[in-house]
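[1] Just the structure for this:
(2 chains)
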Amino acid sequence: MNFILGVIAAIGAACLGVVALLGELVIFAVAGISHIFRPPFYPRLVGRSLMEIGFFSLPVVALTALFTGMVLALQSYTGFSRFNAESAIASVVVLSVTRELGPVLAGLMVSGRAGAAMAAELGTMRVTDQIDALSTLSTSPMKYLVTPRLLAGVIALPLLVAVADILGVMGGFIVATWKLGFNPNVYLISTFANLRAGDVVSGLIKAAVFGFIIALMGCFNGYRSKGGAEGVGAATTAAVVSASILILALDYILTQILFVK
Amino acid sequence: MSTPKIRIRGLKKSFGEKIVLDGVDLDVMAGTGLVVIGGSGTGKSVLIRSILGLVTPDAGVIEIDGEDVLRAPARRARELRAQIGMLFQNGALFDSLPVWENVAFGLLAERRVARRDARAKAIEVLAQVGLAESVAGLSPSELSGGMQKRVALARAIASAPAIMFFDEPTTGLDPIMGAVIDGLIVDCVKRLGSTSIAITHDMASAQRIGDMAAMLYNGRVEWSGPAPSLLTETNPVVAQFTHGRAEGPIKMALRK
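    Sure, this is the predicted structure:
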């Protein structure tokens, strides 16, 4: 009997822990967002974060998108040729990249790169008292450290995904025309014939949400890290893992909302 | 009798089951320097972090200029705490900013100087702590421990605060550099006419920078008195701590 009660108590404690963590996360997010609308503003910090999250992530996102488009064209050809449906490759590549692969892969790559960097930077600032020092210098750490990163995440990811969309389609085009013998003009016509503005816009909306999630998880985990180098490492890992899982889970939910009729 | 600049009554703080502060009472008169001593984990840092608002106490009163910062509206509490300059134990300089921006950070945050004038002001304050203009453009990571402490001190005094806190200002420094930092602290506090609270384990430093001293033990103020009498105090807890004796009531307390 005691064993069963112990198990129930452990499950209850775990559930309470998860609810408390979610509560903290929501309060943290609301505080970060609320500072967007209240002065003072830090445009220089938003610019710096845009460079960190956006510009410096461009190479890794671009390469990921390019090779994904290339692989997608190759795999689609292998499968579709069995049903004489090779002509659908262009549509499959462009719709897969703009709706799904562009935002998700860019999100995962930026999470691994910029999200981890954010958590490590804020975590180090926390354990070396730099965040407390901000408070003693008449500066809100949330406003100074978190809000610019949240804003930059929401702005940078759609820009990165726009580039990823173009390069992903280009990757498919390169493989289709150079390796698989497609006519370039026919491939391009087929690409744009089946593409709707909504496909691209929905992908960009997903990207904005993912950008927010990456910045939020990076800042949240870094901001509350403790225990020196080990704590910073744990915060960095937690930031990447939680952001990646949330990106994949939210991708399903957003796809359900945006695409399924 | 005049109102203390800082008045603390019945301050309590626990972390889980661990009681760190268990009813601390302290008065710091305007223009005086109080040194707080005590063993590791006795709540010295928690005490000044509570005054700064970085830690929320469980109970008690913290008054600055007669106003209770714990019960004041948030904006008023911020205004009261804005007159405190803080030197953190490890400097806590911002890695991402050059030295001059670290020093001028508070001034820029409070919009007291325009950005174009901030560098000149920072160089002026750096000179007050004995650092050359050439240091202004360096990153904090390019500085030695002693220079980082000086920059942190420059940042703390840049806004000419009415109250200054020093958290173990000489920790990690050699005795000569420690004495230099103490000298700078005394100069800055005197020049600004500030009220100060310093935490230290270094008895030589405590006597150099403090007018008054208080010892925390078991979550309370065990003893308070003039800092120069620290080494001659007969209270067994204070005497054991200041002379670094292995035998005495502090060790007995640890054995419990």
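[2] The residue sitting furthest away from the middle of chain A and A:A10, how far apart?
    Using Cα atoms, centre = their mean, the residue of chain A lying farthest from its centre is A:M1. It sits 46.3 Å away. A:M1 sits 15 Å away from A:A10, going by Cβ to Cβ, to the nearest Å. All C-beta atoms are positioned from the backbone trio N, CA, C, and that covers glycine.
[3] B:E222 now?
    Going from B:E222 to A:A10 by Cβ to Cβ gives 42 Å.
[4] same check, this time on A:R196
    Here the criterion is Cβ to Cβ. By it, A:R196 lies 50 Å from A:A10.
[5] Next, the contact list for the closest residue to B:G10 other than its chain neighbours, please.
    Sequence neighbours aside, B:G60 is the residue nearest to B:G10 in space, at 4.4 Å (criterion: Cβ to Cβ, 6 or more residues apart in numbering or on different chains). B:G60 sits next to B:I8, B:R9, B:G10, B:L11, B:K12, B:L21, B:G23, B:V24, B:L70 when contact means Cβ atoms under 8 Å, 6 or more residues apart in numbering or on different chains.
[6] could you redo the last one with a cut-off of 6 Å?
    B:G60 sits next to B:G10, B:L11, B:K12 when contact means Cβ atoms under 6 Å, 6 or more residues apart in numbering or on different chains.
[7] in a strand, that's where it is, yeah?
    Yes - in this structure, B:G60 lies within a strand as judged by DSSP: H, G, I helix; E, B strand; the rest coil.
[8] By residue count, tell me the biggest helix in the chain.
    Picking chain A for this. helix A:2-34 (DSSP state H).
[9] The intended chain is chain B.
    What stands out as the longest helix in chain B, according to DSSP H, is helix B:175-192.
[10] Other residues contacting that helix?
    Helix B:175-192 has contacts (Cβ under 6 Å, 6+ apart) with B:V129, B:G146, B:K149, B:L153, B:I157, B:A160, B:P169, B:T170, B:S196, B:S205, B:R208, B:I209.
[11] Doesn't B:V36 lie inside a helix?
    No - going by three-state DSSP, the assignment for B:V36 is strand, not a helix.
[12] Am I right that it is in contact with B:A214?
    Yes - counting by Cβ atoms under 6 Å, B:V36 touches B:A214, with 5.4 Å between them.
[13] Please verify my assumption that A:T98 contacts A:V201.
    No - using Cβ under 6 Å as the test, A:T98 is too far from A:V201 to be in contact (9.3 Å).
[14] More neighbours: those two, which one.
    A:T98 (26 against 13; other Cβ atoms under 10 Å in any protein chain shown).
[15] And the pLDDT for the spatially closest residue to A:L108 that is not a sequence neighbour?
    Spatially, and ignoring its direct neighbours in sequence, A:L108 is nearest to A:S244 (5.7 Å; Cβ to Cβ, 6+ apart). On the pLDDT scale, A:S244 is placed at 97.
[16] and A:A14, how many neighbours?
    Neighbour count for A:A14, taken as other Cβ under 10 Å: 10.
[17] for B:K190, same thing?
    Other residues near B:K190 come to 11 when the count uses other Cβ under 10 Å.
[18] which helices and strands sit right next to the strand or helix carrying B:E101?
    Here B:E101, judged by DSSP states H and E, is contained in helix B:99-109. The elements that helix B:99-109 packs onto, with contact taken as 3 or more Cβ pairs under 6 Å, 6 or more residues apart in numbering or on different chains; DSSP states H and E, are helix B:115-128, helix B:145-157.
[19] and these as CSV, adding mean pLDDT and mean neighbour count?
    Shown next, in CSV, are those (pLDDT from 0 to 100; neighbours: other Cβ atoms under 10 Å in any protein chain shown):
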stretch, mean pLDDT, mean neighbour count
helix B:115-128, 91, 17
helix B:145-157, 91, 24
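[20] With distance to chain A added, can I get the ones you listed in a markdown table?
    Formatted as a markdown table, the helices and strands packed on helix B:99-109 follow (distance: least, Cβ to the nearest Cβ, whole Å):
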| stretch | distance to chain A |
| --- | --- |
| helix B:115-128 | 10 |
| helix B:145-157 | 8 |
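[21] Could you save the ones you listed as JSON lines and add columns showing distance to A:L134?
    Putting those into JSON lines (distance: least, Cβ to Cβ, whole Å) gives the following:
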{"stretch": "helix B:115-128", "distance to A:L134": "17"}
{"stretch": "helix B:145-157", "distance to A:L134": "11"}
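[22] what's the most centrally placed residue in chain A in contact with, if anything?
    Nearest residue to the geometric centre of chain A (Cα atoms, centre = their mean): A:G107, 2.7 Å. The neighbourhood of A:G107, defined by Cβ under 6 Å, 6+ apart, consists of A:F210, A:I247.
[23] can you tell me how far it sits from B:T242?
    59 Å.
[24] returning to what we had before: wait, isn't the residue nearest to A:L108 in contact with A:S111?
    Yes - look at A:S244 against A:S111 with Cβ under 6 Å: they come within range, at 5.4 Å.
[25] neighbour-wise, which of the two wins?
    A:S111 (28 against 19).
[26] Is the residue nearest to the more buried one when sequence neighbours are not counted part of a helix or strand, or is it coil?
    Nearest residue to A:S111 in three dimensions, chain neighbours excluded: A:A243, at 4.2 Å (Cβ to Cβ, 6+ apart). Following three-state DSSP, A:A243 is assigned to helix.
[27] now B:Q89
    Recorded secondary structure, B:Q89: coil (three-state DSSP).
[28] So which residues on chain B come close to chain A?
    Neighbours of chain A within chain B, by Cβ under 6 Å from any Cβ of the partner chain: B:L52, B:L54, B:A82, B:M86, B:F88, B:A92, B:F94, B:F105, B:G106, B:A109, B:E110.
[29] Apply 7 Å and report the result again.
    Residues of chain B lying close to chain A (Cβ under 7 Å from any Cβ of the partner chain) are B:52, B:54, B:82, B:84, B:86, B:88, B:90, B:92, B:94, B:105-106, B:109-110.
[30] tell me the least confident of those?
    Lowest pLDDT within these is found at B:E110 (77).
[31] That residue - nearest residue in space that isn't next to it in sequence?
    Spatial nearest neighbour of B:E110, chain neighbours left out: A:S138 (5.1 Å); criterion: Cβ to Cβ, 6+ apart.
[32] and that neighbour, what helix or strand is that in?
    Going by DSSP H and E, A:S138 is not part of any helix or strand.
[33] quick one: contacts for it?
    Contacts for A:S138 were tallied using Cβ atoms under 7 Å, 6 or more residues apart in numbering or on different chains; they are B:A82, B:G106, B:A109, B:E110.
[34] didn't the third one look like it was pressed against A:T139?
    Yes - A contact is recorded between B:A109 and A:T139 when judged using Cβ atoms under 7 Å, the distance being 4.5 Å.
[35] picking that back up, go through the contacts of A:S138 and name the one nearest A:L134.
    B:A109 (8.5 Å; Cβ to Cβ).
[36] what about that closest one, neighbour count?
    Number of residues near B:A109 (other Cβ under 10 Å) recorded here: 17.
[37] Can you name the next helix or strand after the longest helix of chain A?
    Of the helices and strands lying after helix A:2-34 in sequence (DSSP H and E), the nearest is helix A:43-53.
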